[in-house]
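Structure for the following, please:
(one chain, ligands or ions: 1)
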Amino acid sequence: MELTWDNLENECKSCTRCELCGTRTNVVFGCGNRNADLMFVGEAPGESEDLSGIPFVGRAGRLFDRYLEVVGIQRESVYIANMLKCRPPKNRDPKPEEQDLCIEYLRAQVKLVKPKLIVCLGRISAMRLIRNDFKITKEHGVWFDKGDYRMCAVYHPSLLLRDPRKKTEMLEDMKAVKAELDRLTEK
Ligand code: SF4
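Coordinates of the predicted model:
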């Protein structure tokens, strides 16, 4: 089947590849600018996302929006998706087999968006997309070149709600993301 946004979204929204299809309310496909230079990739939907079908809309999402605003990135200008499109019960970590079954949707989204920068939100997506032994506490904010993409990871906003001491580092990382975006997109 030809890779188009419509085909991909329709397939994803009726997906029954893994057991999470049985407990989800909505598939959280992804949202934002489909031609974005910057793409954020989180881990999996939480409760608010499962209820709304939109990524990063709960408390953690609102905190993430504040970082975007403070560093001067418009949420509508970026594309935001999760590695897993359905909520794991009680927000447990995604199982490796669920990641294996779902990652194709994310790969297809990246192919369609063709961003210049991909920023992983949190340890789980960094371990999957950057390196499987990625250490978020040591390597957040560090840039990696992987294939056609420049990538880094920042803390997941839900971690910042649990550990507000990390907010200063998050702000520095998000400023660096904006600076890298400006550098790569300046005419
Ligand atoms: S998590 Fe992914 S693979 Fe599993 S049912 Fe949802 S869309 Fe399909």
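
Where do the strands of the protein begin and end?
In the chain, the strands defined using DSSP state E lie at 31-32, 38-42, 79-82, 117-121, 144-146, 149-154.

can you tell which of these is closest to Tyr105?
strand 79-82 (8.2 Å; C-beta to C-beta). C-beta: built from backbone N, CA, C; applies to glycine.

Other residues contacting that closest one?
The contact list for strand 79-82 (C-beta atoms under 8 Å, 6 or more residues apart in numbering) reads 28-34, 36, 38-45, 49, 55-56, 106, 109, 113, 115, 125.

Any idea how far it is from the middle of the chain?
Distance, stretch centre to chain centre, for strand 79-82: 4 Å (C-alpha atoms, centre = their mean, to the nearest Å).

mind listing what that strand pairs with, with the direction of each?
Applying DSSP bridges, strand 79-82 is found paired with strand 31-32 (antiparallel), strand 38-42 (parallel).

just those: most buried one?
strand 38-42 (a mean of 26; mean count of other C-beta atoms under 10 Å).

how about the residue most central in space within the chain, what does it touch?
In the chain, the residue lying closest to the centroid (C-alpha atoms, centre = their mean) is Val41, at 1.5 Å. Taking C-beta under 8 Å, 6+ apart, we find Val41 in contact with Ala81, Asn82, Met83, Leu106, Ile118, Val119, Cys120, Leu121, Ser125, Leu129.

now do Lys13
Lys13 makes contacts with Val27, Phe29, as judged by C-beta under 8 Å, 6+ apart.

need the residues of this structure near the ligand, please.
12, 15-18, 20-21, 27, 84-86, 98, 101-102 (C-beta under 6 Å from any ligand atom).

Give me the ChimeraX select line for those residues, limited to the buried ones.
Remark: buried members of the residues of the chain next to the ligand, expressed as a ChimeraX selection using 16 or more other C-beta atoms under 10 Å:
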select :12,15,17,18,20,27,84,85,86,98,101,102
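
Local confidence estimate at Lys187?
Listed pLDDT for Lys187 reads 60.

all numbers from here: first residue = 58
In the new numbering, first residue 58, that becomes Lys244.

Quick one: neighbours of Asp63, just the number.
Neighbour count for Asp63, taken as other C-beta atoms under 10 Å: 8.

Please report how far it lies from the ligand.
16 Å (C-beta to the nearest ligand atom, to the nearest Å).

residues contacting that residue?
Per C-beta under 8 Å, 6+ apart, neighbours of Asp63: none.

From Lys70, how far off is it?
Applying C-beta to C-beta, to the nearest Å, the value for Asp63 to Lys70 is 11 Å.

for Val135, same thing?
Separation of Val135 from Lys70 (C-beta to C-beta) stands at 22 Å.
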